[in-house]
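> show me the folded form of this:
(chains A and B)
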Amino acid sequence: MKFTKEHEWVKDQGDGTAFVGITAYAADALGDVVFVEVPEAGKTLTKGDAFAVVESVKAASDVYAPVDGEVIEGNGELGNAPETVNAVPEAGGWFAKIKLTNPSQLDALMDREAYEAYLATL
Amino acid sequence: MTDVALKSTPLEDRHVALGARMVPFAGYNMPVQYEGVMAEHKWTRAEAGLFDVSHMGQARLTGADAVRTLEALTPTDFAALKPGKQKYSLLLNEAGGILDDWMVSRPEEEGFFLVVNAACKDQDFAIIAASLKGDSTFDILADRALLALQGPRAREVIAQVCPAACEMYFMDCGTFEILGETAFVSRSGYTGEDGFEISFPAARAAELWDLLLTFPQVKPIGLGARDSLRLEAGMPLYGHEMDETYGVVESGLSFGMSKSRLERGDIRGIDRIRAERENPQRTRVALRVLEGPPARDGAKILNEAGEAIGIVTSGVPSPTLGYSIAMGYVPATQSAPGTQLKLEVRGKPYACEVVTIPFVPNSYHRRPQAAKR
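Take a look at the predicted model:
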């Protein structure tokens, strides 16, 4: 699993696809998630651009694409159970399954150890 | 990020020690949440929530002509406000636009106590100071904190801290002694719940805060839940539901205007008030979101044909109701409860419906058989 400074994660499945979501740190900072808007299949993701929205009582927050890709599937479960993002942000609370269109971008992201070191600086 | 130094309330270190997330609000470093907006909101509806609202402006206006001073600036009949009572009022500009909304208490015959919005207080106090009539004395109470204790169990806590204050009913006020200090207390608040607001010397505010938090019914509540609670109660927030571009009637705040003043016609902007009454254009409505995401401040309100007809001024996923609610402005012709409208969020329309205010019924401790205006 790789991480961004904007608190998104990417899990490379090794077959050219990956899951993307937000980290436990981000989910905790947002508080209770009450609505998630995930992208539809076919949407093109561009690294750094907003591709999903997560809403808490307080505010709507954009979720940025950690890498380039094309959406294979948005996590429709989050429509009925947005609280999954708080419960298991780095597993069942994934936002989208994507086809990696620029896999070398993964190399520039942080691994778990580097991300945790980064969190310690915040 | 801002380079302007934030001001502190007397309780800032308490918030930090409690692990609050602090944010800039109206120039103050304020707690937006402690354990989480949802939990704090639900706690306040079920138990008692303690709010630090010391950022708000507090002032005293005294003297035989204090009524005249207040009436020149507001649409409210303050001569009719009995000692021991509190009234919601509005600071108007010459044209009848809303400069701020106030809670005005009359703890004694010749003394008024004002609570005004933090973001407006410098403006408000300058206007009052420049508008004093005859025998009126104006004092800004910069050395007082303001604490609000709100919720169905607030009364049982106050019963142990200031028993005499529990004899008050909703919108009553009085001067009491707490911890040996003089406290201005009102039975009111900004949540729709029974509750108390306590003006207390800043120097000893932390002691009162700590004392209230010793009660198991009490938890600290941040500005996040304060906003969601007031929205469920259908209460307006200055800068959202009203500002100088809105008038008294269209913003649904005629309860801050007295019938006697309207009949006398001696209100700033009376022409606008009459025009809004006789020929209403836009009006504030409550909206229940029927599908999709929450609609927040600035979202467009559309008619069923998809044409933009209004704007959302506040919106939140309601923790109590489990669906999203909003307030906003629409043409008066489309403001009847039951009217089906749409809300545009991120470019897509979602169904909503006009409903009655409040969204969540209030549970004030009203005086039995109170005479209705």
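> show me the contacts for A:Leu78.
Contacts for A:Leu78 were tallied using CB atoms under 8 Å, 6 or more residues apart in numbering or on different chains; they are A:36, A:38, A:84-85, A:93, A:95. The C-beta positions use only the backbone N, C-alpha and C, and glycine is treated the same way.
> report the distance from the host helix or strand of it to the chain centre.
A:Leu78 belongs to helix A:77-80 when assigned by DSSP states H and E. On the basis of CA atoms, centre = their mean, to the nearest Å, helix A:77-80 sits 15 Å off its chain's mean C-alpha point.
> report the buried residues of it.
By 16 or more other CB atoms under 10 Å in any protein chain shown, the buried positions in helix A:77-80 come out as A:Leu78.
> likewise for stretch B:51-66?
When neighbours are counted by 16+ other CB under 10 Å, the buried residues of stretch B:51-66 are found to be B:51-63, B:65-66.
> again, but for stretch B:163-177
For stretch B:163-177, by 16+ other CB under 10 Å, it's B:165-166, B:168, B:170-174, B:176.
> stretch B:5-14 now?
Buried residues in stretch B:5-14 (16+ other CB under 10 Å): B:9-12, B:14.
> repeat for stretch A:97-104
A:97-98, A:100.
> pull up the distance across it, start to finish.
Stretch A:97-104 stretches 18 Å from its first residue to its last (CA to CA, to the nearest Å).
> contacts for that stretch?
With CB under 8 Å, 6+ apart as the test, stretch A:97-104 has contacts from A:12, A:16-20, A:45, A:47, A:67-73, A:75, A:106.
> could you tell me the end-to-end distance of stretch B:141-157?
26 Å.
> still on that earlier bit, show the buried residues in the contacts of stretch A:97-104.
Among the contacts of stretch A:97-104, those buried by neighbour count (16+ other CB under 10 Å) are A:17-20, A:45, A:47, A:67-71, A:75.
> if we can go back for a sec, and the next helix or strand past the helix holding A:Leu78?
Going down the chain from helix A:77-80, the next helix or strand is helix A:84-87, by DSSP H and E.
> so which of the buried residues of stretch B:163-177 comes closest to chain A?
Nearest to chain A out of those is B:Phe170 (CB to the nearest CB; 26.6 Å).
> show me the contacts for the closest residue to B:Ala95 other than its chain neighbours.
Sequence neighbours aside, B:Gly269 is the residue nearest to B:Ala95 in space, at 5.0 Å (criterion: CB to CB, 6 or more residues apart in numbering or on different chains). Counting by CB under 8 Å, 6+ apart, B:Gly269 touches B:92-97, B:247-248.
> state the pair within those that is farthest apart.
Using CB to CB, the contacts of B:Gly269 span at most 13.7 Å, a distance reached by B:Glu94 and B:Val248.
> in terms of packing, which of the two has more residues around it?
B:Val248 (27 against 7; other CB atoms under 10 Å in any protein chain shown).
> the more buried one touches B:Leu92, doesn't it?
Yes. If you go by CB atoms under 8 Å, B:Val248 and B:Leu92 touch, sitting 7.2 Å apart.
> so what's in contact with these two at the same time?
Contacts common to B:Val248 and B:Leu92, judged by CB under 8 Å, 6+ apart, are B:75, B:98, B:269.
> now flag whichever of the residues you listed is closest to B:Leu141.
Among the shared contacts of B:Val248 and B:Leu92, B:Ile98 lies closest to B:Leu141 (CB to CB), at 23.3 Å.
> please name the bridge partners of the closest one.
B:Leu92 (DSSP bridges).
> quick check, pLDDT for it.
Looking at B:Ile98, its pLDDT is 98.
> got it, and B:Glu109?
For B:Glu109, pLDDT reads 89.
> then B:Ala332?
97.
> contact partners for it?
Applying CB under 8 Å, 6+ apart to B:Ala332 gives the contacts B:250, B:280-283.
> okay, now the closest residue to B:Tyr238 other than its chain neighbours: neighbour count?
Nearest residue to B:Tyr238, sequence neighbours excluded (CB to CB, 6+ apart): B:Asn117, at 4.8 Å. Here the number of neighbours of B:Asn117 (other CB under 10 Å) works out to 20.
> neighbours of B:Asn305, how many?
No, residue B:305 isn't Asn; it's Ala. Counted by other CB under 10 Å, the residues lying close to B:Ala305 total 7.
> so it sits in a helix?
No. Applying DSSP: H, G, I helix; E, B strand; the rest coil, one finds B:Ala305 to be coil, outside a helix.
> quick check, the residue nearest to B:Tyr238 in contact with B:His240.
No. Under the criterion of CB under 8 Å, B:Asn117 is not in contact with B:His240, lying 11.2 Å apart.
> returning to what we had before: in strands, which of the contacts of stretch A:97-104 appear?
The members of these that map onto strands under DSSP state E are A:12, A:17-20, A:45, A:69-73.
> give me the distance from the strand or helix carrying B:Asp101 to the chain's centre.
Using DSSP H and E, B:Asp101 maps to strand B:98-108. Using CA atoms, centre = their mean, the mean C-alpha position of strand B:98-108 is found 10 Å from that of the whole chain.
> for that strand, buried residues please.
Result for strand B:98-108 [16+ other CB under 10 Å]: buried residues B:98-107.
> which two in the residues you listed are spaced the farthest apart?
Spatially, the most separated pair among those is B:Ile98 and B:Pro107, at 25.5 Å (CB to CB).
> point out the residues in chain A that sit beside chain B.
A:31-32, A:34-35, A:37, A:53, A:55-60 (CB under 8 Å from any CB of the partner chain).
> in PyMOL, how would I select the buried members of the residues you listed?
To isolate the buried ones among the residues of chain A next to chain B in PyMOL, judged by 16+ other CB under 10 Å, type:
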select buried, chain A and resi 31+32+34+35+37+53+55+56+57+58+60
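> now, the residues of chain A next to chain B that are in strands?
A:34-35, A:37, A:53, A:55-56, A:60.
> can you redo those as JSON lines with pLDDT and distance to B:Ala332?
As requested, these are arranged in JSON lines below (pLDDT from 0 to 100; distance: CB to CB, whole Å):
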{"residue": "A:Val34", "pLDDT": "94", "distance to B:Ala332": "32"}
{"residue": "A:Phe35", "pLDDT": "95", "distance to B:Ala332": "31"}
{"residue": "A:Glu37", "pLDDT": "95", "distance to B:Ala332": "33"}
{"residue": "A:Val53", "pLDDT": "96", "distance to B:Ala332": "33"}
{"residue": "A:Glu55", "pLDDT": "96", "distance to B:Ala332": "31"}
{"residue": "A:Ser56", "pLDDT": "94", "distance to B:Ala332": "34"}
{"residue": "A:Ala60", "pLDDT": "93", "distance to B:Ala332": "30"}
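> name the residues that touch the longest helix along chain A?
Under DSSP state H, the helix in chain A containing the largest number of residues is helix A:112-120. Under the contact criterion CB under 8 Å, 6+ apart, helix A:112-120 has outside partners A:1, A:3, A:5, A:23, A:25, A:110.
> then that helix to CSV, C-alphas only?
Extracted C-alpha coordinates of helix A:112-120, given in CSV (Å, rounded to 0.1, in the frame of the first residue of the first chain):
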residue,chain,number,x,y,z
ARG,A,112,3.7,2.9,5.2
GLU,A,113,6.8,3.7,7.2
ALA,A,114,7.4,7.0,5.3
TYR,A,115,3.8,7.9,5.6
GLU,A,116,3.8,7.3,9.4
ALA,A,117,7.0,9.4,9.7
TYR,A,118,5.2,12.1,7.7
LEU,A,119,2.2,12.0,10.0
ALA,A,120,4.5,12.4,13.0
